[in-house]
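J.: With the sequence up front, the predicted model follows.
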Amino acid sequence: MSTLRTDDLYERLEASYKSLNEQMSDPAIAADNKRYLELVKEFNEVEPMLLLLRKERTLHQELADNQELFSETDDHDFRELAREEITRLEEEIEEIEEEIRIALIPKDPLDEKNVIMEIRAGTGGDEAALFTAELYQLYQYYAEQKGWKTELIEANETELGGFKDVVFSVDGEAAYSHLKFESGTHRVQRVPETESGGRIHTSAVTVAVLPEADEVDVEINPNDLQVDTYRASGAGGQHVNKTSSAIRITHLPTGVVVTCQDQRSQHKNREKAMRVLRARLMEMGQSSQDAAIAEERKSQVGSGDRSERIRTYNFPQGRVTDHRIGLSLYNMEEVMNGGIQPFITALQAHAQEKALEEA
């Protein structure tokens, strides 16, 4: 039977729990809404782990009591009861220690963030652009099922109704903790509507999921920005706005360029473009701090080539396969209507298992 050395942690959490309760009961702090919400958030992080540790200590005490009874009594019936209790308690202790190990896995501090998603057509021409539009719709459906809000930021539409690329935000509880697993190359195999010979084509689309940065996360010097305005245009270069409301922002130190022409208001387009810029700069900053993470993301997202993929959508077979975990689902229509939660749940579990192995 394994044992966890959690005494120090237990004492620290008990002290924190007591301190937080006292602070939250202070009328002066309760009147400071920002400070009070910070304390509530910290309390909600401390309490679940403390309850687990309290239960673990209670079970260990019960186990010690039964072991003492078993060793000291000569009564056969009492010894049998104690033996059964010891077995049950040992099993419960193993279960709760596993819960504690999982709870002790460091959480990704970005998991609670909203996200900026970028979907770009890779190899495959018009077919890749059409699938880009379908993936965008898939994520809209998924967000709707989760009760999240999506907002279009930028889209370059093709004449056939696809997208060369589309950028949008997803706002919702712990959105990044779910959607971060969608980063990478998505491969589609099917017969295009324009294919007269019935041949299956393979195309690729890349998805990037960026945690949305708050202004406090990324400080941007206004002097580092070059802001250009131009007329918004639709598919085929057709103007959809006679005023120069579209915005292009260049971050001069890094060369990062973002555009937005979704809104008729120049101010709103600038606001949306700045959201994307902050997200990209935050990701760049994190990548520079952790080269291993940067290399992993690079290998996931790739170049949009057909040979690189995290997931394949095979329409003739009605099969969707996630290659990272070897999971295949044969419910294409449901998946394309936003039913990707089975993949995300399995990927979260896989990530958790890896973290436990490395802990």
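T.: Looks like it arrived, so ask away.

J.: all strands for this structure, in order.
T.: 115-121, 149-157, 163-171, 184-190, 201-211, 225-230, 246-251, 256-260, 311-314, 319-322, 327-329 (DSSP state E).

J.: what does the first one rub up against?
T.: Which is strand 115-121. 128-129, 131-132, 135-136, 139, 153, 162-170, 175-176, 179-180, 182, 203, 205-212, 275-276, 279-280, 304 (Cβ atoms under 8 Å, 6 or more residues apart in numbering). In short, each C-beta sits where N, CA and C put it, glycine included.

J.: before we move on, what about the third one?
T.: Residues from elsewhere that reach strand 163-171 (Cβ under 8 Å, 6+ apart): 114-121, 129, 132-133, 136, 139, 143, 148-158, 179, 212, 272, 275-276.

J.: One more pass at 7 Å, please.
T.: 114-121, 129, 132-133, 136, 143, 148-158, 179, 212, 275-276 (Cβ atoms under 7 Å, 6 or more residues apart in numbering).

J.: Check these for burial and list the buried ones.
T.: For these, a neighbour count by 16 or more other Cβ atoms under 10 Å gives the buried set as 114-121, 129, 132-133, 136, 143, 148, 150, 153-158, 179, 212, 275-276.

J.: So which bits of stretch 318-328 are buried?
T.: Taking 16+ other Cβ under 10 Å as the criterion, stretch 318-328 shows 319-322, 324, 327 as buried.

J.: Next up, the contacts around L347.
T.: Contacts of L347 by Cβ under 7 Å, 6+ apart are 181, 324-325.

J.: same question but for Y10, I mixed them up
T.: Y10 neighbours (Cβ under 7 Å, 6+ apart): 53, 57.

J.: Also the one 3 residues further on?
T.: When contacts are counted by Cβ under 7 Å, 6+ apart, L13 is found next to 46, 49-50, 53.

J.: per-domain residue ranges of this structure.
T.: 7-103, 115-354 (automatic domain parsing).

J.: right, so these: which one is the most enclosed?
T.: Burial of the domains of the chain is given as mean neighbour count (mean count of other Cβ atoms under 10 Å); domain 115-354 ranks first at a mean of 17.

J.: on that earlier part again, just flag the most distant two among the buried residues of stretch 318-328.
T.: Maximum pairwise distance among these (Cβ to Cβ): 15.9 Å, between R319 and R324.

J.: distance of the residue nearest to Q137 when sequence neighbours are not counted from V188?
T.: Spatial nearest neighbour of Q137, excluding adjacent residues (Cβ to Cβ, 6 or more residues apart in numbering): M336 at 7.9 Å. Plainly put, M336 is 10 Å away from V188 if you go by Cβ to Cβ, to the nearest Å.

J.: again with L51
T.: 46 Å.

J.: Tell me which residue lies farthest from the centre of the protein.
T.: The outermost residue of the chain relative to its centre, with distances by Cα atoms, centre = their mean, is D74 at 58.0 Å.

J.: Provide a list of residues in contact with it.
T.: No contacts exist for D74 under Cβ under 7 Å, 6+ apart.

J.: Could you number the chain from 12 rather than 1 from now on?
T.: Shifting the count to begin at 12 puts that one at D85.

J.: And it, what's its pLDDT?
T.: Note for D85: predicted pLDDT of 87.

J.: just I258 next, same as before
T.: 87.

J.: S256 contacts D273, correct?
T.: No - if you go by Cβ atoms under 7 Å, S256 and D273 don't touch, sitting 9.6 Å apart.

J.: quick one: common contacting residues for those two?
T.: Common neighbours of S256 and D273 (Cβ under 7 Å, 6+ apart) are N280.

J.: Let me have the contacts of L358 in CSV, extended by pLDDT.
T.: As requested, the contacts of L358 are arranged in CSV below (pLDDT from 0 to 100):
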residue, pLDDT
F192, 95
R335, 93
I336, 94
